[in-house]
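Asker: just to be clear, the model below is a prediction. Sequence and coordinates:
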Amino acid sequence: MSSPCVRLESRENGVRVLTMDKPPVNALGRELVDALGSAFVELREDSEARCLVVRSGGSHFCAGADLKERRGMTEVEVRAFVPQLAAVCKATAALPFPTIAAVRGTAAGGGCELALACDLRVLADDARIGLRETALAILPGAGGTCRLPRIAGMAVAKRWIFTAELFTADEALRDGVAEAVVPSDHLDDA
């Protein structure tokens, strides 16, 4: 797979590392969503893969939808794009091996939903994560409303969705959304 904004690396013991690298914040626009979709097709067909780490090449995991790009879309284009983003999250969750989101910086909106689609979430101690869409009167459309209650329970999910807050790594750990919080400079090793 070749894309300027997504790298897929093979490591020993069947570990695969998918790195999103679309500066400055890995916003989920057409290019990144298409590249992620292609990467997940390749991963699904990879018979040697035993685990996937999803990470960012920059200082932010993923800030969510590319709102600048979305402002230029027609309503028809937006209605076509949202299912594509949801399909990427669904493809992540459907991989036949464990997936780990290594979250640094911000994981907001669709970026949070991508992290929720992974089996485990390890956050850097300075990370912030949340479903910000409701602050814009938008429902989380990539599975976050279904996955978050399964991961953290209904009360936590309602608080996260209704408040549209970005939660600290420690708050995410407390709420059961993160499995671990590690120093930022040790995230990749963890």
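Answerer: Thanks, I have the structure now.

Asker: would you confirm that residue 190 contacts residue 182?
Answerer: Yes - applying C-beta atoms under 8 Å, one finds residue 190 in contact with residue 182, separated by 4.3 Å. Backbone N, C-alpha and C define where each C-beta goes, glycine included.

Asker: common neighbours of those two, please.
Answerer: Taking C-beta atoms under 8 Å, 6 or more residues apart in numbering as the criterion, residue 190 and residue 182 both touch residue 122.

Asker: on the three-state scheme, the residue nearest to residue 180 when sequence neighbours are not counted is what?
Answerer: The shortest distance from residue 180 to any non-neighbouring residue, by C-beta to C-beta, 6 or more residues apart in numbering, is to residue 122 (4.8 Å). Here residue 122 takes the strand state, with states given by DSSP: H, G, I helix; E, B strand; the rest coil.

Asker: by mean pLDDT, flag the weakest helix or strand of this protein.
Answerer: Scoring the helices and strands of the chain by mean pLDDT, DSSP states H and E places helix 67-71 at the bottom, with a mean of 84.

Asker: export that one as CSV, just CAs?
Answerer: The C-alpha trace of helix 67-71 is given here as CSV (Å, rounded to 0.1, in the frame of the first residue of the first chain):
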residue,chain,number,x,y,z
LEU,A,67,-14.3,20.6,8.8
LYS,A,68,-12.6,22.9,6.3
GLU,A,69,-13.0,20.3,3.6
ARG,A,70,-16.5,19.5,4.7
ARG,A,71,-17.6,23.2,4.5
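
Asker: and that helix, which residues are buried?
Answerer: Neighbour counts using 16 or more other C-beta atoms under 10 Å place 69, 70 of helix 67-71 among the buried residues.

Asker: report all helices and strands that the helix or strand encompassing residue 8 contacts.
Answerer: Taking DSSP states H and E as the definition, one finds residue 8 inside strand 6-10. Contact here means 3 or more C-beta pairs under 8 Å, 6 or more residues apart in numbering; DSSP states H and E; on that basis strand 6-10 packs against strand 15-20, helix 30-44.

Asker: beyond the longest one, next helix or strand please.
Answerer: What that stands for is helix 30-44. Sequence-wise, the next helix or strand downstream of helix 30-44 (DSSP H and E) is strand 51-56.
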